[in-house]
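In: A predicted structure for the sequence below; I have some questions about it.
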Amino acid sequence: MQAGADRRAFLRGVAAVVSAASCANTSEAQSDKTRLILLGTGGGPRPRKASSASAQVIICNNTAYVVDCGNGVARQLVFADVALRTVRHIFLTHQHSDHNADYGNLIWLAWAAGLATRVDAWGPPPLAKMTRLFFEMNAIDIDGRIANEGRVPLLPLVHVHELQAGGLVMRDENVRVTATLVNHPPLVPAFAYRFDCADRSIVISGDTTRSDNLVKLAQGADVLVHAVLYVPALDRLVARVPNSTALKASIMANQTSVEDAGRVAQAAGVKTLVLSHFVPADDPEVTDEMWIDAARAHFRGSVIVGKDLMEI
């Protein structure tokens with residue numbers, strides 16, 4: 001009887017060791033996988049309860065590549081359990097406030113949270129001027145924390161690269177990043193970015209009308225995150241504001257309908273289309289199924305309705 005009990009105890013111990021090893025291997029595999037987290041999926045600068053402003057992060061080998069910095073991006077990274085000190089590169093698609101409002105704040109707050117390594121920022125002009133003026137505006141806090149808290153100087157960590165045209169943006173040991181010009185009037189230039197990692201390729205459209213340049217950039221990509229407009233709901237959206245006529249004309253001239261996003265994804269041959277930067281972002285009459293059905297009318301791959309903090 002005792003021998004049988006001892007054998008059962010031994011087998012339970014072996015099983016526990018195997019299970020622990022399996023969990024460790026799974027954890028290691030997950031850490032090696034390139035992760036895409038949608039930090040903010042709402043379109044437009046108006047703060048909302050339902051969704052944050054445009055931002056996403058691509059994580060590879062514990063290095064964070066942030067694309068767009070809408071309001072609250074630093075807090076969204078914290079909610080996503082992404083350590084702010086791991087931010088190494090920041091990419092802005094264009095200079096609209098729902099994409100750049102917290103650009104400076106992200107760098108500043110990451111530094112306050114322990115960032116002590118180089119950060120490279122990429123995007124259209126006047127990115128260098130924006131960066132300089134932001135640090136000037138907050139010099140009293142930055143200088144005080146350096147003097148009183150023993151922090152490394154912040155300004156030498158930040159390296160700004162202004163982009164004027166498409167092509168290769170940067171390459172490091174984790175990823176190759178390329179960009180293309182997209183059409184988002186009146187802002188010129190505006191960019192979409194492609195991230196080619198060892199295990200997958202991810203394209204972020206930024207804000208744009210239907211774009212042939214984007215189709216070329218996204219050829220064969222695993223994931224395309226595309227900003228989308230649901231045209232039948234536009235009148236309800238603009239009815240909330242006094243400048244409704246001008247706002248509607250502007251949105252129609254610089255955004256992509258969800259149907260056209262499906263067409264772009266199909267033409268590019270991407271595997272998964274992720275809908276994001278929703279316009280409208282908080283209309284209860286527009287359901288997830290309506291977004292999906294509109295995209296699937298023209299795209300045969302997988303369609304995902306993006307949500308804040310969703311990992312893909």
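Out: Structure received. Numbering: from 1, shown residues only.
In: list the buried residues in stretch 296-305.
Out: 296, 298, 299, 301, 303, 304, 305 (16 or more other CB atoms under 10 Å). To be clear about C-beta, it is placed using only N, CA and C from the backbone, and glycine gets the same treatment.
In: taking these one by one, which sit in helices?
Out: Here DSSP state H is the test, and those give residue 296 as lying in helices.
In: name the residues that touch the helix or strand where residue 291 lies?
Out: Assigned by DSSP states H and E, residue 291 belongs to helix 288-296. For helix 288-296, contacts defined as CB atoms under 8 Å, 6 or more residues apart in numbering pick out 228, 230, 257-259, 261-262, 265, 273, 275, 278, 303, 305.
In: still on that earlier bit, pLDDT and distance to residue 244 for the buried residues of stretch 296-305 - can I get that in a markdown table?
Out: Output for the buried residues of stretch 296-305, formatted as a markdown table (pLDDT from 0 to 100; distance: CB to CB, whole Å):
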| residue | pLDDT | distance to residue 244 |
| --- | --- | --- |
| 296 | 98 | 31 |
| 298 | 98 | 29 |
| 299 | 98 | 31 |
| 301 | 97 | 36 |
| 303 | 98 | 30 |
| 304 | 98 | 31 |
| 305 | 98 | 27 |
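In: distance to residue 84 for the buried residues of stretch 296-305 - can I get that in TSV?
Out: What follows is these, written out as TSV (distance: CB to CB, whole Å):
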residue	distance to residue 84
296	37
298	39
299	35
301	34
303	32
304	26
305	28
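In: and the buried residues of stretch 296-305, which of them are in strands?
Out: 303, 304, 305 (DSSP state E).
In: wait, doesn't the first one sit right on residue 271?
Out: No. The criterion here is CB atoms under 8 Å, and residue 303 misses it with residue 271 at 10.9 Å.
In: what's the nearest residue to residue 88 if we skip its chain neighbours?
Out: Of all residues not flanking residue 88 in the chain, residue 63 sits nearest, at 5.0 Å (CB to CB, 6 or more residues apart in numbering).
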